[in-house]
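> model this:
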Amino acid sequence: MFADDCLMYRTIHDTSDAAALQADLDNLQQWEQDWLMDFNPSKCEVITISNKRNCISFPYTIHNETLKKTDCAKYLGVHITSNLSWSTHVDKICKKANSTQAFLQRNIRSCPQKIKARCYTTLVRPLLEFSSAAWAPHHKSDINNLEFQRRAARFVMRDYHRTSSVLNMLSQLNWPTLQQRRDTSKLVMLYKSYYGLVDIPPRHLVLLSSRTRGHNLRFVIPRASILVYQHAFFPSTIRMWNALPASLVTAPSCEAFRGGLTNIIPSASLEFSCTFFFSAPRLLHGCDNTRPPRDTSHHKEEEEEEEEVCR
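Sure thing, here's the model as predicted:
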């Protein structure tokens, strides 16, 4: 057996932290022997995630082989870079989606409109939205690169006239922009996190003590000293959440919340940005989407400095 998609990380302040991470790797080697697994050092990588110019360098090893360092690593389908820029991931998924779209245009050109629309929403759009709540970009160039729907709408409607309105085509197809769908995905994930429908620690969700305006479930926006964290999942999504009406944030189920966002999301998208670092796999509750009782205790915000990630 082989252990795939295994990730180990630690915050590195000095060489003692790096040595502790190496000790964790040594313990991992003992674990693989106990469970009859095998780590291939040639397929393992080390990525340093930091905005520092001079990072601590340490030769991490597995089976006495030094692991190679990289600036970009793919983890669970998402390309993570050392500076947490999502441009690389956007370029790769756009290339894959473009190839799939070209395949559809060659093979189902004469099919009915309904079939072509279904093929796009089934085969192309999921490639552009997988885990989008975690990596949704904030750079305008990346956002524009992801908008495949204008070309797809012309293909579905079989209308390539230069004077035709693509916005009218999107309206007829009832396709919201991918940016709006990413914002919806982020808000739904925050809803699940707050109400305990997903295993994400709600330490960033601290209720505001002052309620002079807005609903009673407004959260404190985490303080961000760097641009990457300012556009991260919690700061950017909390801004949109705080602008939602009270009737929506207290929706009785996830389906009701998602449905209520249909007419709200265009005006609630105050921040078109999102980046988030997957520190470890998360487990979803194997139950329905009705809200279970939740713990009302809150944790203080923790700031991350530098991460050494071994995969």
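> Quick check: buried residues in stretch 50-65?
50, 58, 60, 62 (16 or more other C-beta atoms under 10 Å). Glycine gets a C-beta too; all of them are placed from N, C-alpha and C.
> Test my guess that the first one contacts residue 81.
No: using C-beta atoms under 8 Å, residue 50 is not in contact with residue 81; the gap is 11.5 Å.
> returning to that earlier point: closest to residue 226 out of the buried residues of stretch 50-65?
Checking the buried residues of stretch 50-65 against residue 226 by C-beta to C-beta gives residue 50 as the nearest, at 10.7 Å.
> before we move on, the earlier item: show only the entries of the buried residues of stretch 50-65 found in strands.
Taking DSSP state E, the ones among the buried residues of stretch 50-65 that sit in strands are residue 62.
> quick one: average pLDDT of stretch 264-281?
Averaging pLDDT along stretch 264-281 gives 41.
> Equivalent analysis for stretch 175-195, please.
Mean predicted lDDT for stretch 175-195 stands at 93.
> likewise stretch 221-241?
89.
> And for stretch 124-132?
The pLDDT scores in stretch 124-132 average 94.
> Then stretch 111-120?
Here stretch 111-120 scores 94 as its mean pLDDT.
> Closest to the centroid, which residue in the protein?
Nearest to the mean C-alpha position of the chain, by C-alpha atoms, centre = their mean, lies residue 134 at 1.3 Å.
> which element is that one on?
For residue 134, the host element (DSSP states H and E) is helix 132-135.
> how much space between residue 205 and residue 137?
23 Å (C-beta to C-beta, to the nearest Å).
> ok, back up a step: I figured the residue nearest to the centre of the chain hits residue 234, correct?
No: Residue 134 is not in contact with residue 234 according to C-beta under 8 Å; the separation is 11.5 Å.
> tell me the pLDDT at the nearest residue to residue 208 once chain neighbours are set aside?
Nearest residue to residue 208 in three dimensions, chain neighbours excluded: residue 218, at 4.8 Å (C-beta to C-beta, 6 or more residues apart in numbering). Residue 218 is assigned a predicted lDDT (pLDDT) of 91.
> and what of residue 36?
82.
> Renumber starting at 720 from here on
In the new count, where the first residue is 720, that last one comes out as residue 755.
> Secondary structure of it: a strand, I assume?
No: counting by DSSP: H, G, I helix; E, B strand; the rest coil, residue 755 is located in no strand; its state is coil.
> which one is residue 851 nearest to, not counting chain neighbours?
residue 901 (4.6 Å).
> Could you count how many residues lie near that neighbour?
24 (other C-beta atoms under 10 Å).
> can you check the one 10 residues further on too?
Close neighbours of residue 911, defined as other C-beta under 10 Å, add up to 20.
> now the strands for the stretch 720-869 of the chain?
727-730, 764-768, 780-781, 784-785, 787-788, 791-794, 797-800 (DSSP state E, counting those that start in this stretch).
> Please consider this matter closed, and thank you.
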